[in-house]
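Enquirer: Provided below for reference: sequence and predicted model.
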Amino acid sequence: MRSSLYFYPTLKEIPQEAQIASHRLMLRSGMLTQVTSGIYSWLPLGLQVLKKIAQIVREEQDRAGSLEVLMPTIQPAELWERSGRYHDYGKEMLRIKDRHERDMLYGPTAEEVITDIFARFIKSYRDLPKRFYNIQWKFRDEIRPRFGVMRGREFLMKDNYSFDLTLEKAKASYQAMLEAYVRTFARMDLTAIPVRASSGAIGGNLSHEFQIIAETGESEIFYDPEYENLDVNTLTLERLQTLYAASDELHDPENCPVPLEKLKTARGIEVGHVFYFGTKYSIPLGAYVMGPDGKQVPVEMGSYGIGISRLVAAIIEAHHDDRGIIWPESVAPFKVGLLNLNIKDAACTKTCDEFYQKLLQANIEVLYDDRDIRTGAKFADMDLIGLPWQIIISSRSITAGQCEVKNRRTGEKIDLSLEDALKRVC
RNA sequence: CGGGGUGUAGCGCAGCCUGGUAGCGCGUCUGGUUUGGGACCAGAAUGUCGGGGGUUCAAAUCCUCUCACCCCGACCA
């Protein structure tokens, strides 16, 4: 993509409304713009990242034996009356009426919809287990939206729902999701700590929150350093339950099994939540199957969320410096930024154009800054939007047949031939 | 929802106390000089001063109602 054709309205000055690094950087890099409190438009650069994150989540959900569906944003109140949550949910639920004065709502989650689907089609234990997920916009009318997409009202969430015949089998589903989550966050260069959680309003008795470590995290967590070396291949639910991790409200220094000198403390951002909640929805919504003994049994359920739009902000919180964002390669909007420093020099521009084509042919996602602006602005913009690699070509460098390759994370700059530069970023 | 604050050019702000019809920096446009880390000079365009009502000869400024946004708290992917 050529910068001259792209759209990323960067800001030199810090927008007044942004309090935390990720919010400031998302606005300054032109990733998104606020429409109204807690609701944002995603601009091309931000959308690119959002899609990359969603794709990683999708791949790991698929790997864990889940099936993608797409459920609606607007749901009928009637379904929620059946589960009892239409009454319980409170003002966080955005309630609306259609033209027939029928009560509708903008879904904050989808247990009711998926359980209803299950109940209508699946009748036998032989069809279990089933795990369905969907990546869809949700709406929770937060009392006070803040920190950009970190706590928006509208947000993109992956939610997965598991259906099993027994508690034991439900635990296997739960474990499969734990593993999927560990893989998912590792692919985004995040350290994620599954903290045992009280299951809150959704109900149930087995629940972990995935907190990712970032200095600017909203809550303090205490954890066993073993968590930093979690190996997905040996991770089991039992092992997880022997490791200590707690949020500050639940941390009890008196009864902490980890000795004080070993215990680690950090700030965490919650990006995922896994719950087992048994038959809370299957009974009221009629999700029963015929068991092997010929009796109807309500299915055992769990649900598993990942805040995808929040992850965009969380990754920035974990990966930035005073110049801007530092994207992990797996979620970067482009892998390489190509800087033409002498746009008016025909030879330099020719070299850049040709090298740009080579990068495209090599299937490398590249943002080619071919704009007629000052070099300082090009460097500043490129550092701000945080692409992992910068390839800098100037009149000076082409006379030596070289370019400069800069690693955004380390700041390391090396002069290489164009061929070597291409290899370097492949 | 309780408490606090802010709405003035695309962005960041001054002007308000003490009323006289709007200004600064950045950005944008034009010309010139510059050209490896957000340049310089000269010129230009851009405002229902959040909205309604009121006081006054006169309102960005005073009074009043209202809307939006931000911050602190309780709530949450």
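Expert: Great, that's in hand.

Enquirer: Pull out the buried positions in stretch A:26-45.
Expert: Neighbour-count burial for stretch A:26-45, with 16 or more other C-beta atoms under 10 Å as criterion, is recorded at A:26-32, A:34, A:38, A:40, A:42-43, A:45. In this view, the C-beta of every residue, glycine as well, is placed from N, C-alpha and C.

Enquirer: Filter the residues you listed down to just the ones in strands.
Expert: A:Leu32, A:Gln34, A:Tyr40, A:Trp42 (DSSP state E).

Enquirer: Of the buried residues of stretch A:26-45, which fall within the contact range of RNA strand B?
Expert: Residues of the buried residues of stretch A:26-45 in contact with RNA strand B (C-beta under 7 Å from any atom of the strand): A:Arg28, A:Gln34, A:Gly38.

Enquirer: related to what we said a few turns ago, turn the buried residues of stretch A:26-45 into JSON lines, including pLDDT.
Expert: Output for those, formatted as JSON lines (pLDDT from 0 to 100):
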{"residue": "A:Met26", "pLDDT": "95"}
{"residue": "A:Leu27", "pLDDT": "94"}
{"residue": "A:Arg28", "pLDDT": "94"}
{"residue": "A:Ser29", "pLDDT": "95"}
{"residue": "A:Gly30", "pLDDT": "95"}
{"residue": "A:Met31", "pLDDT": "96"}
{"residue": "A:Leu32", "pLDDT": "93"}
{"residue": "A:Gln34", "pLDDT": "91"}
{"residue": "A:Gly38", "pLDDT": "93"}
{"residue": "A:Tyr40", "pLDDT": "93"}
{"residue": "A:Trp42", "pLDDT": "95"}
{"residue": "A:Leu43", "pLDDT": "95"}
{"residue": "A:Leu45", "pLDDT": "97"}
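
Enquirer: Which other helices and strands does the top strand by length along chain A contact?
Expert: For chain A, the longest strand by residue count, based on DSSP E, is strand A:264-278. Taking 3 or more C-beta pairs under 8 Å, 6 or more residues apart in numbering; DSSP states H and E as contact, the helices and strands that strand A:264-278 lies on are helix A:167-187, strand A:192-196, strand A:206-213, strand A:219-223, strand A:300-307, helix A:308-318.

Enquirer: Just tell me which of these ends up closest to A:Trp389.
Expert: Of all those, helix A:308-318 sits nearest to A:Trp389, with 17.5 Å by C-beta to C-beta.

Enquirer: now the angle from the closest one to strand A:192-196?
Expert: 120 degrees (axes from the mean of the first three to the mean of the last three C-alpha atoms, to 10 degrees).

Enquirer: Show me what the mean pLDDT comes to for helix A:308-318.
Expert: Average pLDDT, helix A:308-318: 95.

Enquirer: Get me the contact residues on the stretch 151-300 of chain A for RNA strand B.
Expert: A:151-153, A:155, A:157, A:200-201, A:209, A:218, A:270-273.

Enquirer: Output the residues you listed as CSV; include the columns pLDDT and neighbour count.
Expert: Listed next are these as CSV, based on pLDDT from 0 to 100; neighbours: other C-beta atoms under 10 Å:
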residue, pLDDT, neighbour count
A:Arg151, 91, 17
A:Gly152, 92, 25
A:Arg153, 93, 21
A:Phe155, 95, 22
A:Met157, 96, 23
A:Gly200, 46, 11
A:Ala201, 44, 9
A:Glu209, 91, 25
A:Glu218, 79, 16
A:Glu270, 92, 20
A:Val271, 94, 25
A:Gly272, 94, 27
A:His273, 92, 23
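
Enquirer: For A:Val113, which non-adjacent residue is spatially closest?
Expert: What sits nearest to A:Val113 in space, not counting adjacent residues and going by C-beta to C-beta, 6 or more residues apart in numbering, is A:Met71, at 4.8 Å.
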